[in-house]
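Mind looking at a prediction? Sequence and model below.
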Amino acid sequence: SLLSTEITGAIYSTIANQRGFLLSGDPQFKATRAAIWSEIDTMRTRFDALASTFTDPRNREEWAKVKTLLAETRAIQDRAAEILVAYLER
C-alpha cells in the first residue's frame, strides 16, 4: 500500500537525519528526526486501522513484527544520539 511506502520513506529520512546529527552534532538534525518519528507514529496508527481489516491473520502478524522493529529502530537511534550528546558534553 501507499502507506507502507510512506513509512519506509520516513524511516530512510530518520536514518539520514541521524547520520547528519552523528557526523555534525547539529541539533537541527536531531529535531528533524524527532519530527519525522512523530509522523511515523501517525502513520503507524493509520496502518493499525488498516491492519484490523486484514483477512489473513499472517498479515496482521507481520504488521505486529514491523511495529516491533519500528520501536527497536527508534530506540537504537535515540540511544546513539544520547551517546553522542554525552560525549560532546565531556
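Sure thing, it's come through.

Quick check: buried residues in the lengthiest helix in the chain?
Once the chain is assigned using DSSP state H, the helix that runs over the most residues is helix 57-88. Buried positions in helix 57-88, judged by neighbour count with 16 or more other CB atoms under 10 Å: 63, 70, 73-74, 77, 81, 84. For every residue, glycine as well, the C-beta is placed using N, CA and C.

Can you name the residues in contact with stretch 53-69?
Stretch 53-69 is contacted from outside by 44, 47-48, 51-52, using CB atoms under 8 Å, 6 or more residues apart in numbering.

any idea which of those residues is the one closest to Ala31?
In terms of CB to CB, no member of the contacts of stretch 53-69 lies closer to Ala31 than Arg44, at 20.3 Å.

Leu70 versus the closest one, what's the distance?
When CB to CB, to the nearest Å is the yardstick, Arg44 and Leu70 sit 7 Å from each other.

residues bridging contact with those two, i.e. touching both?
Both Arg44 and Leu70 are contacted by Ile7, under the criterion CB under 8 Å, 6+ apart.

So for the longest helix of the chain, mean pLDDT?
Helix 57-88 shows a mean pLDDT of 95.

ok, now stretch 3-19?
When pLDDT is averaged over stretch 3-19, the result is 96.

I'd like the distance from that stretch to the chain centre, please.
Relative to its parent chain, stretch 3-19 has a centroid offset of 7 Å by CA atoms, centre = their mean, to the nearest Å.

before we move on, back to that, can you lay out the buried residues of helix 57-88 as CSV showing distance to Thr5?
CSV is the format used below for these (distance: CB to CB, whole Å):
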residue, distance to Thr5
Trp63, 15
Leu70, 15
Thr73, 17
Arg74, 19
Gln77, 21
Ala81, 26
Leu84, 30
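
wait, which of the residues you listed is closest to Thr8?
Distances from these to Thr8 were compared by CB to CB; the smallest belongs to Leu70, at 10.8 Å.
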